[in-house]
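Peer 1: Fold the following, please.
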Amino acid sequence: MGIREGALPNHNVELLKCIQDLQDKRQEVAKQISVEEAERQQLQQDLTILTKRLAQVDASLQRKTAVRMEYDKVIRETEGAYEQIVQSSQTLLSILKKECSNIDRKQQQVAQVA
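Peer 2: Residues are numbered from 1 along each chain as shown. Prediction:
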């Protein structure tokens, strides 16, 4: 029994050392958990901020897209009306030139008779 009695204090020291190693490792993991929880909380806050900003940008894009569509409509209508004005102007100019030519011919005929 002498050998076993002498081994008990050595086993006790080794057991205490193993327990301390386990506690140290647990403490290290606890620190890592704390760091990751803080990072997770920050990411969650960032995500909340970004989600709100995304909603604001989406709403702004919808409003601006609607305004752009209104501009497109007004531009199309204005260009169509302008094209009609140009065509009417060309028709009017053509008629005016023809009438002027007719008047000039009549004036030349009157001048030749006189």
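
Peer 1: which SS class is Ile19?
Peer 2: Under DSSP: H, G, I helix; E, B strand; the rest coil, Ile19 falls in the helix class.

Peer 1: Based on its surroundings, how many neighbours for it?
Peer 2: Neighbour count for Ile19, taken as other Cβ atoms under 10 Å: 10. Any C-beta I mention is one placed from the backbone N, CA and C, and that applies to glycine too.

Peer 1: what's the answer for the one 10 residues further on, then?
Peer 2: Neighbouring residues of Val29 were enumerated by other Cβ under 10 Å; the total is 10.

Peer 1: mind checking which helix or strand it is in?
Peer 2: helix 2-113 (DSSP states H and E).

Peer 1: to the chain's geometric centre, what's the distance from stretch 103-114?
Peer 2: 74 Å (Cα atoms, centre = their mean, to the nearest Å).

Peer 1: average pLDDT across it?
Peer 2: This predicted structure assigns stretch 103-114 an average pLDDT of 84.

Peer 1: same check, this time on stretch 64-71
Peer 2: Mean predicted lDDT for stretch 64-71 stands at 99.

Peer 1: low-scoring stretches of this protein, by residue?
Peer 2: 1-8, 114 (pLDDT under 70).

Peer 1: Kindly recompute the last result at 90.
Peer 2: Where the chain drops to pLDDT under 90, the residues are 1-11, 104, 106, 108-114.

Peer 1: Nearest residue to the middle of it?
Peer 2: Val57 (6.5 Å; Cα atoms, centre = their mean).
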